[in-house]
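S.K.: Below is the sequence, then the predicted model.
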Amino acid sequence: MPSTRTELRQSDWQSTLFDDCALPGCAVPVVVPGDVCQSCRVAFGDMLNVRTEGPAREPAQVRADLAARDASTREQYRAQAATVAAAQQVSSRKRNQICWLCEERRTCTSTGGRWECADCQSLPS
């Protein structure tokens, strides 16, 4: 599949003359707001549907709708990344570590700079 990414920095005249492709993550310039670039049309083919029903909308409204959609998507990704990061910080257990006592690969807990599995942690001292 051909790459559709372009450099995100645009000159001032480009940002007023062209809009980005309507598909999330594609920054290829298009003339009509809400339109899909040719490379995305080739890449996605029949999976893209053109909606012809409904009221005609102004280009400013299309831009606002796409900006709201993209902002919502970015917020969801931020929340997901924060949840994953918080889970990684809370848990000191990690899969596929070699326990320093039984020398088996297991889900272990970091204890004093060494990995201990649950079985070895339950052994009497």
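M.R.: Structure received. This one's a predicted model, so the numbers in the text were calculated from it and none came from an experiment.

S.K.: In three-state terms, label the residue lying closest to Gln121 once chain neighbours are set aside for me.
M.R.: The spatially closest residue to Gln121, leaving aside those adjacent along the chain, is Thr109, at 6.7 Å (CB to CB, 6 or more residues apart in numbering). Backbone N, C-alpha and C define where each C-beta goes, glycine included. At Thr109 the chain is in strand, as set by DSSP: H, G, I helix; E, B strand; the rest coil.

S.K.: Look up which residues are beta-bridged to Thr109.
M.R.: For Thr109, the beta-bridge assignment (DSSP bridges) gives partners Arg93, Glu116.

S.K.: Quick check, Pro59 in contact with Val30.
M.R.: No. Counting by CB atoms under 8 Å, Pro59 stays clear of Val30, with 11.4 Å between them.

S.K.: neighbour-wise, which of those two wins?
M.R.: Under the criterion of other CB atoms under 10 Å, the comparison of Pro59 against Val30 puts Val30 first, with 17 against 11.

S.K.: thinking again about what came up before, tell me the pLDDT of the residue nearest to Gln121.
M.R.: In the predicted model, Thr109 carries a pLDDT score of 90.

S.K.: Now for it, how many residues are close by?
M.R.: Neighbourhood size, Thr109 [other CB under 10 Å]: 17.
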